[in-house]
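*Asks:* Could you look at this predicted model? Sequence included:
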Amino acid sequence: MKKLLFLAALALTTVGFSQTTPGTATAGTQVTASADLANPAFDNQNFDFGKIKVGIPATHEFKFVNKSKVTMIITDVKASCGCTTPSWTKDPIPPGGQGSVTATYNAAGVGAFNKSVTVTANVPNNMVILSIKGEVIQEVQ
């Protein structure tokens, strides 16, 4: 009888913890309503420098407008490698406001490159991926 009561209690506990109601989260998950997310409209998310000279850093500014009714907050920006240095709008971007993320590639080595910059913010999927590419060439003499 004790085993039967134990199994029944265990079953009810398991069922109770496996149920979630809409808008709630289980441990390790993040639930955010789409109305709570910012919607940045970037002028572009990919930029091609074309051919650039070795040793001369190349910079591109990715501009965007916050098209949502929610203030956008960029919490972090990371480049895919140490050869690219990002900078970004640090202040919250209000609805209709403008912001930017700048990526500078150091162009230290000759050859093709394709790098990404990950913007972490209160946006869908919590991130926006920007990319830069090009080819570093020796100066023609």
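*Replies:* Right, received. Where do you want to start?
*Asks:* residues in contact with the one residue sitting closest to the centre of the chain?
*Replies:* Geometric centre of the chain, nearest residue: residue 127, 2.3 Å, by C-alpha atoms, centre = their mean. The neighbours of residue 127, taking C-beta atoms under 8 Å, 6 or more residues apart in numbering as the test, are 118, 119, 120, 121. All C-beta atoms are positioned from the backbone trio N, CA, C, and that covers glycine.
*Asks:* Next, give phi and psi for the third one.
*Replies:* Dihedral pair for residue 120: phi -100, psi 130, per degrees, to the nearest 10.
*Asks:* secondary structure class for the nearest residue to it once chain neighbours are set aside?
*Replies:* Nearest-residue entry for residue 120: residue 76, 4.3 Å, with adjacent residues in sequence omitted and distances by C-beta to C-beta, 6 or more residues apart in numbering. Put simply, residue 76 is strand when judged by DSSP: H, G, I helix; E, B strand; the rest coil.
*Asks:* Surely residue 76 and residue 126 touch.
*Replies:* No: look at residue 76 against residue 126 with C-beta atoms under 8 Å: they stay out of range, at 10.2 Å.
*Asks:* of the two, who's got more company?
*Replies:* residue 126 (14 against 11; other C-beta atoms under 10 Å).
*Asks:* And the contacts of stretch 71-82?
*Replies:* 38, 40, 66, 85-90, 92-95, 97, 99, 101, 103, 115-123.
*Asks:* which of the residues you listed count as buried?
*Replies:* Neighbour-count burial (16 or more other C-beta atoms under 10 Å) is assigned, among the contacts of stretch 71-82, to 38, 40, 66, 86, 88-89, 93, 99, 101, 103, 115-119, 121-123.
*Asks:* List the buried residues of stretch 102-116.
*Replies:* Neighbour-count burial for stretch 102-116, counted by 16+ other C-beta under 10 Å, picks out 102, 103, 104, 105, 106, 107, 113, 115, 116.
*Asks:* Now do the second one, the pLDDT please.
*Replies:* What the model reports as pLDDT for residue 103 is 98.
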